[in-house]
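Visitor: everything below, folded, please.
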Amino acid sequence: MYKTIAVMYGSDSSEWEVACRSGEFVASRIDGDKYDVYEIFARFGRWQVVACKKKDAMKVFFPEGSRPEIDKTDFSVSILGEKINFDYVYIVQHGAPGESGQLQGYFEMLGIPFSTCSSSVSAIAFDKYACKSYIRDLGIVKCAPDAFVHKGADIQAFASEVASKLKFPVFVKPTIGGSSFGVTMVKDASGVATAVGYAFGEGPTVLVEQGITGREFTCAAYRVSGKVRTLPIIEIISENEYFDYDAKYNGHSREVCPAEASDEIVALIQGTTSRIYESLGCSGVVRMDYILADDGLYFLEVNTIPGMTSASLVPKMVRAAGLDMTAFLSDIIENG
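Guide: Residues are numbered from 1 along each chain as shown. From the prediction side, this is the model:
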């Protein structure tokens, strides 16, 4: 069993504040009777301990300006003359480098176990186009028609391609990142170029997907004792035109958990989630998003580091399953 856990949060992306809330929640729920827990805020190369809680002791906060710096040569930290080496890292970074595979590669080289998918799986899942191409080839779930463009391409020509190839409305999104940053729903050809330019603000490649009409569902999976388990599915009902940042974080959506769906729909979504988890080679808790249309189930995306605030989807699933969050996190740590 591990003794000293580092919870890494923040990120270099637009999602860093959401990641901090997720990381703080995870740190607060990790079993303080089993582990010493250190919270590390990481952004743009500065990795600092912001708080720590040793077993059976009060939590200690380090004020800004006097936060101990992580030694990246071996991922250790010195606090009051004591050198602390971490047995395990719980990564709660939404966006790069924690969700892109870069941070995982660093820990793999150091031989330090961590909570998420491997560096290679994280890299595939992080890029929406690469991941969708991989999932499409599995043949286990439908994927919406799409178009793909790199920064530097002729955007007007690409907009014409989208208009001829796809039916409107379409969703224009950066291929990296999450929390709906850079995403636009476009209802006609005149808005494509502007939306693509906006999405380029988040990354160098953009995916345009044909909108699919149907019910939006999400499901998470994790592994315990070598077996993949799925959590109860959630139906997302947005008050806005789609599940955008405002709907996600400002209360403009209903998240029905467990979803009011037939046994057949539940089995389809949970079964598809389990198969994708296995086929991709996932680790830790991973969430998959879908649209259930009249002609079948459509894959939207994989979230290898899903939101973990008290109001986030995965904690809601955990509660609906009748599981204790602290015990659930211990399962992730000990069985990842």
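Visitor: distance between stretch 213-229 and the chain's centre?
Guide: In terms of CA atoms, centre = their mean, to the nearest Å, the centre of stretch 213-229 is set 13 Å apart from its chain centre.
Visitor: and that stretch, which residues are buried?
Guide: 216-223, 229 (16 or more other CB atoms under 10 Å). Quick note: C-beta positions are derived from backbone N, CA and C, even for glycine.
Visitor: got these as TSV, with secondary structure and distance to residue 134 columns?
Guide: Below are these laid out as TSV (DSSP: H, G, I helix; E, B strand; the rest coil; distance: CB to CB, whole Å):
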residue	secondary structure	distance to residue 134
216	strand	22
217	strand	21
218	strand	19
219	strand	18
220	strand	19
221	strand	16
222	strand	20
223	strand	19
229	strand	23
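Visitor: out of those residues, what pair is the most spread apart?
Guide: Taking CB to CB as the measure, the buried residues of stretch 213-229 span a maximum distance of 25.4 Å, between 216 and 223.
Visitor: quick one on the thing from earlier: of the buried residues of stretch 213-229, closest to residue 261?
Guide: Closest to residue 261, out of all of the buried residues of stretch 213-229 and judged by CB to CB, is residue 217, at 7.5 Å.
Visitor: which of the helices or strands spans the nearest residue to residue 276 once chain neighbours are set aside?
Guide: Sequence neighbours aside, residue 288 is the residue nearest to residue 276 in space, at 5.8 Å (criterion: CB to CB, 6 or more residues apart in numbering). Assessed by DSSP states H and E, residue 288 sits inside strand 286-293.
Visitor: restricting to C-alpha, output that strand in CSV.
Guide: The C-alpha atoms that make up strand 286-293 are tabulated as CSV, following Å, rounded to 0.1, in the frame of the first residue of the first chain:
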residue,chain,number,x,y,z
VAL,A,286,-12.5,7.5,-17.4
ARG,A,287,-15.8,9.1,-18.6
MET,A,288,-17.3,8.6,-22.1
ASP,A,289,-19.9,11.0,-23.6
TYR,A,290,-22.6,10.0,-26.1
ILE,A,291,-25.6,11.1,-28.1
LEU,A,292,-28.4,8.5,-28.4
ALA,A,293,-30.2,9.3,-31.7
